[in-house]
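Asks: compute the structure for the input listed below.
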Amino acid sequence: MEYNTDAMGMLDLMVRPAFCVKNGAVVKVNPAAAGYLIETGTDISRLLQTGAEEYADFTGGCLYLTLSLSGQSVGVSVTRMAEFDVFCLEQEADSAELQAMALAARELREPLASVMLTADRLFPVSGLTDDPQTREQVARINRGLFQMLRVIGNMSDAGRYCAESSSRQEIRDICAVIGEAFEKAAALVTYTGTTLTYEGYPEAVYCLTDSEKLERAIFNIISNALKFTPRDGTIAAKLTRRGSKLYLTVQDSGCGITENLRGNVFTRYARQPGLEDSRFGIGLGMVLIRTAAAAHGGTVLVDQPEGSGTRITMSLAIRQNATAQTRSPILAPDYAGERDHGLIELAEVLPYRLYDMP
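Replies: Down below sits the predicted model:
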């Protein structure tokens, strides 16, 4: 059997554990993935834990799904190169990076909380003045603090979300949860000059739902889309159902993600520091997105249909049994400290005037 030499050579040079699949079977495994005991000739469908349907429909872009390897669940990003699909596995170093960020976030939370408390006390004072410059400066300070709160929250929670063996799930109408998140976001996105539309699924679907993870994933998808969409652009979201899965599709009219960056979009946080487009941030938002999908038995696909904009498709399994641990959200602490979730998660893209408030 002849293989594409470029794809095979690239696989050997990859530091991350990876393997190639052709016609549904593993054809080569790189040295970094040797510890996973993946044998050539293995039918990839035997390894898929989530994403069987999504992988069957995969034609391009970057797809995140999970595999069952040696009895463990392993996250994988899949990209297509010529006639091969390259499966790039998460590794222990990824968890170490996220845990280091979580430790740094813990040290930053206390001084940030002190500064935010002081800023809160400034709002009644600034409200008594008619000086627009003073009010503007206070609003800018508050917006900056919300941005810092979002970054520190992402640093703190990305590793926790990946490491959680169980999720805070309860039986809820998942369509209502998604709809509420888009309703909150749409009211705020109006102030950016971009149009956000959402078409929900017309029926209630009660299933195991982690409302926090799902809401944060949606806000991060919208935030990413706004960064790459012009002021007069559009972001269109739609929720559909196919069998036992829901599919949330969000497409923007922006410039899109270049092909060379799309392949590692799910592990951008692990990249080496360098001079690049600041709109990408440190990539933890995508970690929250993919862990939310995995927690709901689903996948995430990032592609660029028809050569315009970026499309993110998140699949969510409709699980109506009690196999996952169920907890009441009332008992869970609010990750945002009771502050407006939308103002925090969209702080990077919203105008400062929205933060001129007591």
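Asks: list the helices and strands the longest helix anywhere in the chain packs on?
Replies: If you go by DSSP state H, the chain has its longest helix at helix 92-126. Under the contact criterion of 3 or more Cβ pairs under 8 Å, 6 or more residues apart in numbering; DSSP states H and E, helix 92-126 touches helix 132-163. C-beta: built from backbone N, CA, C; applies to glycine.
Asks: for the following helix or strand past the helix it packs on, packing partners?
Replies: Per DSSP states H and E, the first helix or strand lying C-terminal to helix 132-163 is strand 170-173. Strand 170-173 sits against strand 206-209, with contacts defined as 3+ Cβ pairs under 8 Å, 6+ apart.
Asks: buried residues in the strand it packs on, which are they?
Replies: Across strand 206-209, burial judged by 16 or more other Cβ atoms under 10 Å covers 207-209.
Asks: could you do stretch 110-125 as well?
Replies: Those would be 116, 119, 123, for stretch 110-125 by 16+ other Cβ under 10 Å.
Asks: rewinding a little: specify which member of the buried residues of strand 206-209 is nearest to residue 49.
Replies: Closest to residue 49 out of those is residue 208 (16.6 Å), distances taken as Cβ to Cβ.
Asks: my read is that that closest one contacts residue 316, right?
Replies: No: in this structure residue 208 lies outside contact range of residue 316 using Cβ atoms under 8 Å: 10.0 Å.
Asks: quick one: common contacting residues for these two?
Replies: residue 296 (Cβ atoms under 8 Å, 6 or more residues apart in numbering).
Asks: okay, strands next: where are they in this structure?
Replies: Assigned by DSSP state E, the strands in the chain fall at 18-22, 25-29, 48-50, 62-69, 72-81, 84-89, 170-173, 195-199, 206-209, 234-242, 245-252, 300-303, 311-317.
Asks: and residue 76, what are its bridge partners?
Replies: Judged by DSSP bridges, the bridge partners of residue 76 are residue 65, residue 89.
Asks: list the residues that contact it.
Replies: 64-67, 87-90.
Asks: just to revisit the earlier point, between the buried residues of stretch 110-125, which sits nearest residue 337?
Replies: residue 116 (8.4 Å).
Asks: care to break the protein down by domain?
Replies: 5-90, 93-163, 170-341 (automatic domain parsing).
Asks: count of residues packed around the closest residue in space to residue 19 that isn't next to it in sequence?
Replies: Residue nearest to residue 19 in three dimensions, not counting chain neighbours: residue 29, with 4.2 Å by Cβ to Cβ, 6 or more residues apart in numbering. Counted with other Cβ atoms under 10 Å, residues neighbouring residue 29 total 20.
Asks: could you do residue 102 as well?
Replies: 17.
Asks: okay, it and residue 247: tell me how far apart.
Replies: For residue 102, the distance to residue 247 (Cβ to Cβ, to the nearest Å) stands at 31 Å.
Asks: returning to that earlier point: the contacts of residue 76: which two are farthest apart?
Replies: 66 and 88 (13.0 Å).
Asks: how close does the nearest residue to residue 250 once chain neighbours are set aside sit to residue 246?
Replies: Closest residue in space to residue 250, ignoring its immediate chain neighbours: residue 237 at 4.5 Å, by Cβ to Cβ, 6+ apart. Distance from residue 237 to residue 246, counting by Cβ to Cβ: 13 Å.
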